[in-house]
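1. got a sequence here, can you build the structure:
(chains A and B)
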Protein chains: 2
Amino acid sequence: MLIIGERINTVKKKIALAVERRDAETIQEEAINQVKAGIDVLDVNAGSSLNEAENMRWAVEIIQEVVNIPLCIDSANPEAIKAGFQVCRDKERAWANSITLQKKRIEDMLPLVKKYDCPLIALCIDDKGIPPTARERVEVAQRLIRVVGDFGISLDNLYIDCLIEPISVGEGKVQQTLATIKMMKNNFSQIKTVICLSGVSFGLPERRLINRTFLPLLIEAGVDAIFLDPLDEALMATLKAVNALLDKDESCLDYIRAYREGKLKV
Amino acid sequence: MLIIGERINTVKKKIALAVERRDAETIQEEAINQVKAGIDVLDVNAGSSLNEAENMRWAVEIIQEVVNIPLCIDSANPEAIKAGFQVCRDKERAWANSITLQKKRIEDMLPLVKKYDCPLIALCIDDKGIPPTARERVEVAQRLIRVVGDFGISLDNLYIDCLIEPISVGEGKVQQTLATIKMMKNNFSQIKTVICLSGVSFGLPERRLINRTFLPLLIEAGVDAIFLDPLDEALMATLKAVNALLDKDESCLDYIRAYREGKLKV
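-> As a prediction, this is how the structure comes out:
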């Protein structure tokens, strides 16, 4: 299971300000700290302003000065993703995040993904928004898979975001997401799944408690990659425990090492 | 899902000493604190000494002086369970814990359970010990169900302990337990399931972290009752989060109440 560090995202005021002011130090510190915390991929989201492409270019460049890790170039705007890839040192390891079934995003993004043979995140979203049930999400996923496959892109590189809606807005949110992940595994064993963990807790207090309680359920369901905050120590300790519980940590060695390093005391 | 408070158990040195010395205050304090923490049933285990029946009688009597809650009379020795029931004020609400497929335990216990029409815990254990796979555990459960049903006991009162072995002793322990719970639900919808949470973490450091990470998986699998330590605040906060995540807490009201009462900050 891959961990994608989510902290460099302009939905956070601190990051938005740092991007706006070209405060490289703040962004670089976030990159370094997340890599130290043990992520596999570093997400880079530079906002939705008119200058988004320029912001993304700047962010990717200054991040590459301090860390060497696959970047996840994150935008709803294909121009910003292209700008990020242009300056990205290691384009084959970078991720394109994301497409939906929206025609413009697909047409703009797929040539780039094909060219670099890089991982691509596709959200289970069509014109009507987020499908409420697992069955409908898997139907949207099936259409995404067809479009991507027909374009000649390797399906091994495709990560389907199965989506999580906040539990504060209604019932069944977690069940539909877990069911989507499991149905994806059963129906399309080649395709990988991804989830943004913290979406589940929006609108509730003590969001980190909700997030880390959701984590074991996602991993047990078989998710392949998770966007999360790797500086949340209780969450990372929970991840060690999940791996020990679900045989993803042989003889619990990594768990015991983390204990000795004082990382489980949170 | 029912919470059974596990703390009054002579495997704990403090409790064993208190029982031996007839230190009522210590035992009563444990009972009161667990009831305050919000349990549904209070387990009472008075050890395995020659005086076990007498110990159990004493423990049940002094506990009843301070709390009014269903007791779970817990012993491998049917004589101790009988002694506990003899002095138990509310025999219909008390639980008999436990039987296995062992003939002597069955013959001694079933008349008592039938007489009081009370809940009974049956462990998925036969002569060969703990069956390693879910399939074998469900086969043992099936034999237990037949024996109990043939005796004329209502199956609504039967809780099958699906068993959890420590993850420190080998692989597949959690998966087999979760699979057992799910298979029990599918095959015998009338029968309830129970798990002793802390068995999972034996032999590892930071056991509470392992225990609370296991909790969401058990509840999602559909377990009906869990033995746990209700004074573990991080565990109880996790329980609130699980209930919110899995629609067992309408509009997250209980979660938000717990937050306002400062119970989620752990």
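
2. quick one: residues contacting residue A:27.
-> A:8, A:15, A:18, A:19, A:59, A:62, A:63 (Cβ atoms under 8 Å, 6 or more residues apart in numbering or on different chains). (Each C-beta comes from the backbone N, C-alpha and C, glycine too.)

3. ok, the third one to chain B distance?
-> Pointing back at residue A:18 there. Distance of residue A:18 to chain B, computed by Cβ to the nearest Cβ, to the nearest Å: 29 Å.

4. how about stretch A:65-75 as PDB, C-alpha atoms only?
-> C-alpha atoms of stretch A:65-75 as PDB (Å, rounded to 0.1, in the frame of the first residue of the first chain):
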ATOM      1  CA  GLU A  65      15.700  21.100  -5.000                       C
ATOM      2  CA  VAL A  66      15.300  19.400  -1.600                       C
ATOM      3  CA  VAL A  67      13.800  15.900  -2.100                       C
ATOM      4  CA  ASN A  68      14.100  13.100  -4.500                       C
ATOM      5  CA  ILE A  69      10.700  11.300  -4.500                       C
ATOM      6  CA  PRO A  70       8.000  10.700  -7.100                       C
ATOM      7  CA  LEU A  71       5.700  13.700  -7.300                       C
ATOM      8  CA  CYS A  72       2.000  13.600  -7.700                       C
ATOM      9  CA  ILE A  73       1.100  16.600  -9.900                       C
ATOM     10  CA  ASP A  74      -2.400  17.500  -8.600                       C
ATOM     11  CA  SER A  75      -4.800  19.700 -10.400                       C
END
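
5. quick one: mean pLDDT for that stretch?
-> For stretch A:65-75, the mean pLDDT works out to 98.

6. list the buried ones in that stretch?
-> A:67, A:69, A:70, A:71, A:72, A:73, A:74, A:75 (16 or more other Cβ atoms under 10 Å in any protein chain shown).

7. which of the residues you listed sits closest to residue B:244?
-> Residue B:244 lies nearest to residue A:74 out of the buried residues of stretch A:65-75, by Cβ to Cβ, at 28.2 Å.

8. quick one, strands of chain A?
-> Using DSSP state E, the strands of chain A run over A:2-5, A:41-45, A:71-74, A:95-99, A:120-123, A:158-161, A:192-196, A:225-228.

9. report all helices and strands that the second one contacts.
-> Helices and strands touching strand A:41-45, as assessed by 3 or more Cβ pairs under 8 Å, 6 or more residues apart in numbering or on different chains; DSSP states H and E, comprise strand A:2-5, helix A:24-36, helix A:52-64, strand A:71-74.

10. repeat for the third one
-> Helices and strands in packing contact with strand A:71-74 are listed as strand A:41-45, helix A:52-64, helix A:78-87, strand A:95-99; criterion 3+ Cβ pairs under 8 Å, 6+ apart.

11. from residue A:104, how far out is residue A:122?
-> Separation of residue A:122 from residue A:104 (Cβ to Cβ, to the nearest Å) stands at 14 Å.

12. for the residue positioned nearest the centre of chain A, list each beta-bridge partner.
-> Centroid-nearest residue in chain A: residue A:227, 3.8 Å away (criterion: Cα atoms, centre = their mean). Residue A:227 has these beta-bridge partners by DSSP bridges: residue A:4, residue A:196.

13. touching, it and residue A:215? I think so.
-> No: proximity of residue A:227 to residue A:215 does not meet the contact threshold set by Cβ atoms under 8 Å, at 11.8 Å.

14. what does chain A put close to chain B?
-> Contact residues (Cβ under 8 Å from any Cβ of the partner chain) of chain A with chain B: A:167-168, A:171-172, A:174-175, A:178, A:200, A:204-206, A:209-210, A:213-214, A:216-217, A:220, A:237-238, A:241-242, A:244-247, A:252, A:255-256, A:259, A:264-265.

15. cutoff 7 Å now
-> Within reach of chain B by Cβ under 7 Å from any Cβ of the partner chain, chain A has these residues: A:167-168, A:171-172, A:174, A:204-206, A:209-210, A:213-214, A:216-217, A:220, A:237-238, A:241-242, A:244-247, A:252, A:255-256, A:259, A:264.

16. buried ones among these?
-> A:167-168, A:174, A:204, A:206, A:209-210, A:213-214, A:216-217, A:220, A:237-238, A:241-242, A:244-246, A:252, A:255-256, A:259, A:264.

17. on that earlier part again, in helices, which of the residues of chain A next to chain B fall?
-> A:174, A:209-210, A:213-214, A:216-217, A:220, A:237-238, A:241-242, A:244-245, A:255-256, A:259 (DSSP state H).

18. just to revisit the earlier point, the residue nearest to the centre of chain A against residue A:6, yeah?
-> Yes: contact criterion Cβ atoms under 7 Å: residue A:227 and residue A:6 qualify, at 4.4 Å.

19. overlap in contacts, those two.
-> A:43, A:196 (Cβ atoms under 7 Å, 6 or more residues apart in numbering or on different chains).

20. residue contacts, the spatially closest residue to residue A:239 that is not a sequence neighbour?
-> Of all residues not flanking residue A:239 in the chain, residue A:215 sits nearest, at 6.4 Å (Cβ to Cβ, 6 or more residues apart in numbering or on different chains). Neighbouring residues of residue A:215 by Cβ under 7 Å, 6+ apart: A:197, A:235, A:238, A:239, A:242.

21. what's the per-residue pLDDT of residue A:215 here?
-> For residue A:215, pLDDT reads 98.

22. distance of the residue nearest to residue A:90 when sequence neighbours are not counted relative to chain B?
-> Ranked by Cβ to Cβ, 6+ apart and with sequence neighbours excluded, the top spatial neighbour of residue A:90 is residue A:70, at 7.0 Å. Distance, residue A:70 to chain B, by Cβ to the nearest Cβ: 28 Å.

23. confidence score at residue A:266?
-> 78.

24. I figured it hits residue A:233, correct?
-> Yes: Residue A:266 lies in contact with residue A:233 (Cβ under 7 Å); the separation is 4.8 Å.
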